[in-house]
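1. The following comprises the amino acid sequence and a computationally predicted model.
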Amino acid sequence: MIIAPSILSLDYSQMNEQMNLVNESKAQWIHFDVMDGHFVPNLTFGPDILKGFKKITPLLLDVHLMVENPRFFADVFIDAGADLITFHVEAMKDKQDLESLIKHIQSRNVKVGLTIKPKTPVSVLDDYISTVDLFLIMSVEPGFGGQSFIESSLDKIRYLRQKIDAASSNALIQVDGGINETTAKWCKEAGATVLVAGSYIFKQNIQQAIESLCQ
């Protein structure tokens, strides 16, 4: 299981100390939520913050774009050092627009992921099972940290697991929202391979929390 701590919940008054703990833990990725205040009602990080993290962590930089214009922001964050760009199906005009952005991100030698909001049917991802590197299932409404896990997300994980296995795809299934020791086990049993956690990790002993998600 890949653990991706979400820096949305980082205590920025203790940034270096907390990131040192993350770097020395079993975490493999850092999850970076980009919100533009339009696609979701919150505003978060710009590319210069990502550049800063690039200097203080060797972990993979996993960027989740919650923005109205993912084509523009994909290049901005790739230039800043992103290793993986995940964008929302709901933000795209049509299928042609979506497929064009997938190819563009891949042309820049960066991994690409697709994600959907909780109320979007998971079947919209069917055509991309063998095309992208990752599918992100949002188990809370995107935009804010600290929400409770939506249990119906487990059905989406199982659905994707079946589709990915049937296609012999190497795509990863990432889950973000309400992840703790209990919900992590549910997600793992359903077929998830990457877990994003923010509050659960940064509101307690960081390394112990990450360890508990790896079980």
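-> Yep, it's here.
2. Over to the spatially most central residue of the chain: give its phi and psi.
-> By CA atoms, centre = their mean, the mean C-alpha position of the chain lies nearest to His64, the distance being 5.2 Å. With angles defined as degrees, to the nearest 10, His64 sits at phi -100, psi 110.
3. what stretches of this protein score poorly on pLDDT?
-> 144-146 (pLDDT under 70).
4. in it, which spans are strands?
-> 2-5, 29-35, 60-66, 84-88, 111-116, 134-138, 172-176, 194-197 (DSSP state E).
5. With distance to Asp48 added, can I get those in CSV?
-> (Glycine included, C-beta is placed from N, CA and C.) Written out in CSV, the entries for these read as follows (distance: least, CB to CB, whole Å):
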stretch, distance to Asp48
strand 2-5, 20
strand 29-35, 12
strand 60-66, 13
strand 84-88, 17
strand 111-116, 22
strand 134-138, 24
strand 172-176, 23
strand 194-197, 22
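6. Mind checking those strands for the one nearest to Phe149?
-> Phe149 lies closest, by CB to CB, to one member of these: strand 172-176, at 8.9 Å.
7. Let me know whether Gly191 touches Tyr159 as I believe.
-> No. Gly191 lies out of contact with Tyr159 (CB atoms under 8 Å); the separation is 9.1 Å.
8. can you pull out the helices in this protein?
-> Here the chain has its helices, by DSSP state H, at 15-23, 47-56, 70-79, 95-107, 153-166, 181-190, 199-202, 206-214.
9. buried ones in the first one?
-> By that I understand helix 15-23. Residues Gln18, Met19, Leu21, Val22 are the ones in helix 15-23 that count as buried (16 or more other CB atoms under 10 Å).
10. Quick check: nearest residue in space to the third one, chain neighbours excluded?
-> When you say that, I think you mean Leu21. Nearest residue to Leu21, sequence neighbours excluded (CB to CB, 6 or more residues apart in numbering): Ile206, at 4.3 Å.
11. Please tell me how far that neighbour sits from Leu195.
-> For Ile206, the distance to Leu195 (CB to CB, to the nearest Å) stands at 15 Å.
12. Comparing these two, which residue is more hemmed in?
-> Leu195 (26 against 21; other CB atoms under 10 Å).
13. these two touch, right, Leu213 and Thr183?
-> No. Using CB under 8 Å, Leu213 makes no contact with Thr183, being 9.6 Å away.
14. more neighbours, the two?
-> Leu213 (26 against 23).
15. Quick one: residues contacting the more buried one.
-> Counting by CB atoms under 8 Å, 6 or more residues apart in numbering, Leu213 touches Met1, Ile3, Ile179, Glu181, Ala184, Leu195, Ala197, Tyr200, Ile201.
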